[in-house]
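S.K.: Attaching a predicted model along with its sequence, questions to come.
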Amino acid sequence: MARAQHAQHAQRGGRDTHVRRTGGTPQNHRPQRTGRKRRTRLPLRYLLPTLLLVAIVAMLLLRGYVHSEFLADHRVRPPAPVDQVPEKVLKGGPILDARGEKTTSHRMPKKTMVLTFDDGPDPEWTPKVLDKLKEHKAHGVFFVTGTMASRYPDLVKRMVDEGHEVGLHTFNHPDLSFQSENRIDWELAQNQLALEGAAGVRTSLFRPPYSSKADALDNKSWPVTQYIGKRGYITAFIDTDSEDWKKPGVDEIIRRATPKNDKGAVVLMHDSGGNRAQTVAALDRFLPDMADKGYKFHNLTEALKAPSAHTPVGGFEQWKGKAWVFAVSLSEKAMGFLVVALAVIGTLVFARFGLMLLLSALHARKVRKRTFAWGRYPITEPVSVLVPAYNERECIENTVRSLVASDHPVEVIVIDDGSSDGTADIVESLRLPGVRVVRQQNSGKPAALNNGVRHASYELIVMMDGDTVFEPSTVRELVQPFADPYVGAVAGNAKVGNRNSLIGAWQHIEYVMGFNLDRRMYDLLGCMPTIPGAVGAFRRTALWRAGGMSDETLAEDTDVTMALHRGGWKVVYAENARAWTEAPESVQQLWSQRYRWSYGTMQAIWKHRRAVIERGPSGRFGRVGLPFVSLFMVFAPLLAPLIDIFLIYGLVFGPTGKTLAAWVAVLGVQAVCAAYAFRLDREKMTPLISLPLQQVLYRQLMYVVLLQSWITALTGGRLRWQKLRRTGAVGSAPTQQPPAPGERVGAR
C-alpha cells in the first residue's frame with residue numbers, strides 16, 4: 001500500500017540539495033542564536049494533521065455513540081420478586097406519577113385510546129406511521145430514543161408540528177435496573193438534549209425500555225420508577241401490547257391491541273426496530289374500525305385532561321441541542337463520505353495493483369527478450385556524468401571512484417556548489433583520470449546541473465547525486481535506450497544502499513515497488529513522471545529544448561521530465577541501470593526529504609497544467625499523464641489512511657473478525673505485489689517481513705507529509721531547499737546481480 005499511496009516518493013532517488021541563496025547567504029545556514037530564549041511552538045506540520053486526525057476520530061466516536069456501538073448496555077434483567085412494590089401500583093393504571101410525596105396511577109377514560117410507538121424515529125417507517133395517523137385524524141405518543149432522535153431530527157419535529165406528543169425512551173435503550181443513578185441521569189439528559197435540538201421542546205413523559213404493564217414492576221424496576229418520578233417525569237406503561245415486533249400478522253396485531261369491554265387503553269406499537277409494514281397495515285384498519293366504535297385517539301396528557309407534556313425551550317438550551325444535532329448530522333455525513341471514499345480508494349488501489357502487475361509483466365517480458373534492442377547499434381560513444389555536490393565530503397570519494405570504474409567511457413564533472421567542507425578539494429586530491437571539478441558559488445542544484453551541462457563534452461549526459469554509487473555497468477545500461485532517436489531521457493533503477501535499519505528496510509520496500517512496478521507501468525503508458533536525481537540520463541538536445549533544469553519548483557527532476565514529455569520526447573526506464581543511494585536514516589530527515597518531494601511534485605503538476613488543453617505531444621501527456629500522475633500521486637494517497645481508520649473503528653466497534661479478515665486480505669494483495677516486484681528486481685524477500693509494520697507506521701508518516709504539502713500549497717506557503725545529513729554508509733555498489741533466466745546480457 002505504501003507504493004500505491006506514495007509512488008511519487010519512490011519515483012525519485014535524488015538527494016536533497018542545499019537551499020538557494022538569499023542576499024549571498026545559503027539559506028540552509030542557520031542564523032546565530034541570540035541570548036533570548038525561543039518559545040517552543042508546535043510546528044504547523046504537526047498541528048494541522050493532528051487537528052484533522054482528532055476531528056475525524058471525534059466524528060467516528062460520535063457516530064459510534066449514536067449508533068449504540070459503544071457505551072450501550074444490552075443486558076435485560078429477568079423477573080424479580082415484587083414484595084417491595086405497593087399493591088396499589090401493581091393493581092393501578094398504566095400511568096404512574098411519582099413526582100410528589102405519594103405515587104398516583106391513572107387509567108384512560110372509557111373509549112379513549114392512546115397509541116404509543118416505541119424505539120423511533122425510523123427514516124422508513126415513522127413517516128408511514130405519521131401519514132396513517134394524519135389520514136385518520138388521530139394523535140399518538142412517540143417514545144423516542146436519543147440515538148434515533150439525534151440522527152433523524154426532522155421526524156421528531158414533524159411529530160411535534162402535527163400535534164403528537166413525544167416522550168423519552170432513554171438515549172441508548174438500556175435496562176435501567178442495571179444502571180446507576182448517574183447513568184440514568186445521563187440517559188435522560190442526552191435524550192432531552194436530542195429532543196431540544198430536534199423540536200425545541202422538553203418533555204415530562206418517560207417510558208422505560210423493556211417495560212410492559214404496571215403489574216410487571218418488581219423489586220428491581222420499582223426503585224427506578226421512583227427515581228424517575230423524583231426527576232420530574234411521568235412514567236407511561238401500557239394496557240395492551242400489539243406485539244407487532246413479533247410480526248404475527250395484521251389480524252393478530254389488531255386483536256392484541258384492541259381493549260375489551262369498551263375500556264380505554266394505552267396501546268404499545270413500534271415505528272422502528274425492523275420491518276414495520278404489518279404495523280402500518282394494521283393502523284390502516286385499526287384506526288377507522290375503532291373510530292366507528294366510538295373510540296377517540298388522544299395524546300396522553302389530552303386524555304388525562306392535564307397540561308401538555310411539552311415545554312418549549314429557547315436561548316442557550318435550544319442552541320446547545322441544535323449544536324448536538326448538527327454535530328451528529330455532520331458525523332453521519334462524514335461517515336457516509338468516508339464509506340464512499342473508502343470504496344473509491346479501494347477500487348482505485350486494486351485497479352492500480354492489477355494494472356501494475358499486468359503492465360510490469362509485459363514490460364519485463366518485452367525488454368528481457370534476447371531479440372530486444374533499443375536500436376540497430378549499441379551506444380558506445382563517451383558520456384558526460386554530472387555530479388552536483390554540496391558538502392558531500394562523507395560520500396563524494398565513493399561516488400567518484402564508482403564512476404571511474406565504469407565499463408563505459410565517461411568524463412566525470414563534479415560541480416561543487418559552494419561547499420564549505422572541502423568537497424571539491426577531496427575530489428581534486430584523488431587525481432583520478434577523466435574527473436574534473438567545476439566550482440561555483442552556492443546557487444542550488446538546478447543551477448549546478450545547468451552549469452555542468454555547459455561544461456559537458458558529449459551529447460549524452462548522465463546525472464547523479466553526490467551520495468550515490470554506480471555499478472560498473474550502470475552508465476552503459478543507462479545510455480543504451482538512446483539508440484532510439486526519439487528517446488530524450490532515461491530513468492535508472494535507484495536502490496537503497498543503507499537498508500539495514502528498519503527505516504531503511506521500509507524505504508527499500510517502497511523503492512523496489514515504486515521503481516520496479518510503477519516505472520515499468522509508466523514506461524508502457526508513456527507518462528513517466530520523474531527521472532530520479534540519483535540515476536538519470538538525458539540527450540543534451542532534448543534537455544536544452546525543454547529549458548534545462550528549472551528552479552521554479554522544488555522537484556526539478558519531475559519538472560524537466562514533464563517538460564520533455566510535452567516536447568514530444570520519449571522517457572523510458574532502464575531496469576539494469578542500478579544506482580545505490582543513501583536514504584535518510586532518521587524520521588526527521590525522511591520527513592524533510594519527502595515533504596520536498598511531495599510539494600515539488602504538486603508544483604510541477606500545476607506548472608504544466610496547461611498541457612491538458614494543448615495539442616500534439618503536450619496534449620497527449622496532459623490528458624493522459626497529468627491526470628494519471630495527479631490521481632495516484634497526489635489525490636488518492638490522501639484517502640488511503642481510511643483503510644487504517646476503518647480497521648481501528650471495526651476492531652473497536654464493529655465485527656472484529658470480519659474487519660481483521662478484510663485488512664489481512666488487503667495486506668495480502670500488497671504482499672503479492674511486493675513479492676512480485678522483489679522477484680523482478682532479483683531482491684531477497686527477507687525485508688518483506690516488515691511489510692505489515694510498514695503499513696501501520698510508515699504509511700501514516702507519508703500520509704501526514706503529503707497532507708502537509710497540500711496545506712503548504714493551499715495556503716501559498718513556500719518550502720525551501722534542505723540539505724540532508726549524509727554518513728557515507730554506501731561505500732560501494734554490491735556485487736552485480738545475475739540476470740534473469742533468458743535475459744540478454746550486455747548492451748542493448
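M.R.: Nice, thanks for sending it over.
S.K.: and the next element down the chain from the lengthiest helix in the chain?
M.R.: For the chain, the helix reaching the highest residue count under DSSP state H is reported as helix 315-367. Sequence-wise, the next helix or strand beyond helix 315-367 is strand 383-389, with elements assigned using DSSP states H and E.
S.K.: Could you please name the strands that following strand pairs with and the direction of each pair?
M.R.: strand 410-417 (parallel), strand 460-464 (parallel) (DSSP bridges).
S.K.: Quick one: closest of those to Pro208.
M.R.: strand 460-464 (76.3 Å; C-beta to C-beta). Bear in mind the C-beta positions are built from the backbone N, C-alpha and C, glycine included.
S.K.: Show me the contact partners of the closest one.
M.R.: Strand 460-464 is contacted from outside by 379, 381, 383-388, 399, 403, 410, 449, 452-453, 470, 475, 478-479, 482, 531, 533-540, 543, 579, using C-beta atoms under 8 Å, 6 or more residues apart in numbering.
S.K.: Equivalent analysis for stretch 543-550, please.
M.R.: By C-beta under 8 Å, 6+ apart, stretch 543-550 touches 445-447, 449-450, 453, 461, 488-489, 556, 559-560, 563-564, 566-567, 569.
S.K.: so Leu355 touches Asp518, yeah?
M.R.: No. If you go by C-beta atoms under 8 Å, Leu355 and Asp518 don't touch, sitting 10.3 Å apart.
S.K.: quick one: which of these two has more around it?
M.R.: Asp518 (27 against 15; other C-beta atoms under 10 Å).
S.K.: Please report the distance of the more buried one from Asn398.
M.R.: 28 Å (C-beta to C-beta, to the nearest Å).
S.K.: and Asn576, how many residues sit next to it?
M.R.: Counted with other C-beta under 10 Å, Asn576 comes out at 23.
S.K.: right, I mislabeled it, should have said Asn261
M.R.: Using other C-beta under 10 Å: Asn261 sits among 5 other residues.
S.K.: Looking at the strands paired with strand 383-389, which one is packed in the most?
M.R.: Mean neighbour count (mean count of other C-beta atoms under 10 Å) peaks for strand 460-464 among those, with a mean of 27.
S.K.: Tell me how far it lies from the chain's centre.
M.R.: Taking C-alpha atoms, centre = their mean, to the nearest Å, one finds the center of strand 460-464 at 39 Å from the center of the full chain.
S.K.: Downstream of that strand, the next helix or strand is which one?
M.R.: Strand 460-464 is succeeded, C-terminally, by strand 468-470 (DSSP H and E).
S.K.: Check the offset of that following strand from the chain's centre.
M.R.: That offset, for strand 468-470, works out to 36 Å (C-alpha atoms, centre = their mean).
S.K.: Tell me the helices and strands packed up against it.
M.R.: If contacts are counted by 3 or more C-beta pairs under 8 Å, 6 or more residues apart in numbering; DSSP states H and E, strand 468-470 sits against helix 396-404, strand 570-581.
S.K.: Show me what it pairs with in its sheet, parallel or antiparallel.
M.R.: strand 570-581 (antiparallel).
S.K.: quick one: the partner strand to helix 396-404, angle?
M.R.: Comparing the axes of strand 570-581 and helix 396-404 via axes from the mean of the first three to the mean of the last three C-alpha atoms, to 10 degrees yields an angle of 130 degrees.
S.K.: Now do strand 570-581 and helix 315-367, the angle between them.
M.R.: Using the same axes, to 10 degrees: strand 570-581 against helix 315-367 is 100 degrees.
S.K.: pLDDT on strand 570-581, on average?
M.R.: Taken as a whole, strand 570-581 has a mean pLDDT of 93.
S.K.: Can I get it in PDB, CA atoms only?
M.R.: Only the C-alpha atoms of strand 570-581 are listed here, as PDB (Å, rounded to 0.1, in the frame of the first residue of the first chain):
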ATOM      1  CA  LYS A 570      10.100   9.500 -25.100                       C
ATOM      2  CA  VAL A 571      11.100   8.900 -21.500                       C
ATOM      3  CA  VAL A 572      11.900   5.200 -20.700                       C
ATOM      4  CA  TYR A 573      13.100   3.000 -17.900                       C
ATOM      5  CA  ALA A 574      16.300   1.000 -17.900                       C
ATOM      6  CA  GLU A 575      15.900  -1.600 -15.200                       C
ATOM      7  CA  ASN A 576      19.600  -2.800 -15.200                       C
ATOM      8  CA  ALA A 577      21.000   0.700 -14.700                       C
ATOM      9  CA  ARG A 578      21.300   0.300 -10.900                       C
ATOM     10  CA  ALA A 579      22.400   3.100  -8.600                       C
ATOM     11  CA  TRP A 580      22.900   2.700  -4.800                       C
ATOM     12  CA  THR A 581      21.800   5.700  -2.900                       C
END
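S.K.: Name the next helix or strand downstream of it, please.
M.R.: helix 587-607.
S.K.: after that following helix, next one along is what?
M.R.: Next along the chain after helix 587-607, with elements defined by DSSP H and E, is helix 616-620.
S.K.: List the buried residues for that next one?
M.R.: By neighbour count on 16 or more other C-beta atoms under 10 Å, the buried set for helix 616-620 is 617-618, 620.
S.K.: with the residues you listed in mind, which one is nearest to Phe316?
M.R.: Taking C-beta to C-beta as the measure, Phe316 lies nearest Ser618 of the buried residues of helix 616-620, at 60.4 Å.
S.K.: Just give the nearest non-adjacent residue to that closest one, would you?
M.R.: Closest residue to Ser618 apart from its sequence neighbours, by C-beta to C-beta, 6 or more residues apart in numbering: Arg566 at 3.9 Å.
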